[in-house]
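**Student:** here is my input, please return the structure:
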Amino acid sequence: MNYRQVRLAGFGYELAPHVLTSEDIEERLSKAFAALHLQKGQLSLLTGIEERRYWGPGMTMHEGAARAAEKALENTGIDRSAIGMLLYAGVCRDQLEPATACAVAHDLGLSPQTHVHDVSNACLGVLNGMVHVANAIELGQIEAGMIVSCETSKDIMDRVIDRLNDTPDMGLFRKTVATLTGGSGAVAVILSRSNGFPQGHRLLGGVIRNAVQWHRLCCWGPDTGFPADRDHFMETDSIGVLQNGVQLGIDTYRDLLTETGWGPHGPDKVVCHQVGAAHQRAILDALNIAPEKEFSTFAHLGNMGTVSLPMTAAIADERGFFEPGDRVGFLGIGSGLNCLMLALGW
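**Tutor:** Numbering: from 1, shown residues only. Have a look, this model is predicted:
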């Protein structure tokens, strides 16, 4: 896919207020760690994550998303009346129906003519939303659009900790250690038409690939039957996700270099989905991307699902990581497996 009329106008994000360290989690898992003969410090050693954040009691997903959206509107200077599409793209939603985007749009006071709906695709949701909004801009349907997300990790993490303490089992620990990396936060991304809103950075295009034969490698339940067949739980085959995700990343990245014409030099800077240290090393090595070209946040924010990549990009931009003229790649991957990589001209 290629775009001629689309710009990334800017970001807004909201950090969850409470910090949870890996040491805190290990303390709560002391019974399981003793039974499994695990030494303190293993969680940080395995994941490279020192801390993550969580929301306070009663926090709703639309509230976090709306806070980030207000910051995005302020940062870009784009009036809310210009927002022709609002997509909520989080894994976590306030309820099955209606779309969480409806509550966000109400909080923001958006126009009755605004296209409002949810997009869901594991950790790729925000990038998928960017494609939907970019397509609408390119087709002349809207002048600007916003993608928002808010993720929360504490509830599912509490359930995993309780289950591990109740049933200490090394196989269960391996299936659930990825859940213990989860963080919470909210983000908003605004895209706009180039000739109407010249600020921001060009969205050049992107590529999509899937390997859906691996859709069972990472699952978060329960199903949506009434009643549900099982309690909320998340299980991840971390090794399977790593091996097959890296191969999918290699194939998608090759397509990105061809589609953009960037050639073997590739992008000048990249932001990847923030999983952990092992995944970071594996994907950068596989794509032959030097570590100094990548900006990461997972060590202190954990894996925030759909929020991770765009919030990391926003923080990188704030800190001057990107320079004018940089070729920037957003390299996203999500359970399914799906991979979406976007190319931008900074």
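**Student:** so where's the stretch 151-300 of the chain shaky on pLDDT?
**Tutor:** The stretch 151-300 of the chain contains residues with pLDDT under 70 at 223-230.
**Student:** can you give me the helices in it?
**Tutor:** Here the stretch 151-300 of the chain has its helices, by DSSP state H, counting those that start in this stretch, at 154-166, 170-176, 238-260, 277-287, 298-301.
**Student:** now for the shortest one, which elements pack on it?
**Tutor:** Taking 3 or more CB pairs under 8 Å, 6 or more residues apart in numbering; DSSP states H and E as the contact definition, the neighbouring helices and strands of helix 298-301 are strand 51-54, helix 277-287, helix 308-318. Any C-beta I mention is one placed from the backbone N, CA and C, and that applies to glycine too.
**Student:** nearest to Glu138, of the ones you listed?
**Tutor:** Among those, the nearest to Glu138 by CB to CB is helix 308-318 (20.0 Å).
**Student:** which elements pack onto the closest one?
**Tutor:** Counting by 3+ CB pairs under 8 Å, 6+ apart, helix 308-318 packs on strand 6-15, helix 125-138, strand 185-193, strand 269-272, helix 298-301, strand 327-334.
**Student:** and the last one with helix 238-260, angle?
**Tutor:** Using axes from the mean of the first three to the mean of the last three CA atoms, to 10 degrees, the interaxial angle of strand 327-334 with respect to helix 238-260 works out to 140 degrees.
**Student:** how much does strand 327-334 deviate in direction from helix 308-318?
**Tutor:** With the same axes, to 10 degrees defining the directions, strand 327-334 sits at 160 degrees from helix 308-318.
**Student:** what's the offset of the helix or strand just after strand 327-334 from the middle of its chain?
**Tutor:** Later in the chain than strand 327-334, the nearest helix or strand by DSSP states H and E is strand 338-345. With CA atoms, centre = their mean, to the nearest Å as the basis, strand 338-345 stands 13 Å off its chain's centre.
**Student:** same check, this time on stretch 29-48
**Tutor:** How far stretch 29-48 lies from its chain's middle: 26 Å, per CA atoms, centre = their mean.
**Student:** now do the end-to-end distance for that stretch.
**Tutor:** Using CA to CA, to the nearest Å, the end-to-end distance of stretch 29-48 comes to 18 Å.
**Student:** same thing with stretch 273-282?
**Tutor:** Length of stretch 273-282, first residue to last, CA to CA: 13 Å.
**Student:** could I get the helices and strands packed on helix 298-301 as TSV with mean neighbour count and distance to Leu256?
**Tutor:** Formatted as TSV, the helices and strands packed on helix 298-301 follow (neighbours: other CB atoms under 10 Å; distance: least, CB to CB, whole Å):
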stretch	mean neighbour count	distance to Leu256
strand 51-54	22	29
helix 277-287	17	10
helix 308-318	23	15
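**Student:** how about the ones you listed in JSON lines, adding distance to Tyr3?
**Tutor:** Converted to JSON lines, the helices and strands packed on helix 298-301 look like this (distance: least, CB to CB, whole Å):
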{"stretch": "strand 51-54", "distance to Tyr3": "33"}
{"stretch": "helix 277-287", "distance to Tyr3": "23"}
{"stretch": "helix 308-318", "distance to Tyr3": "17"}
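**Student:** which of those sits closest to Val126?
**Tutor:** Nearest of the helices and strands packed on helix 298-301 (CB to CB): helix 308-318, 5.1 Å.
**Student:** thanks a lot, catch you later.
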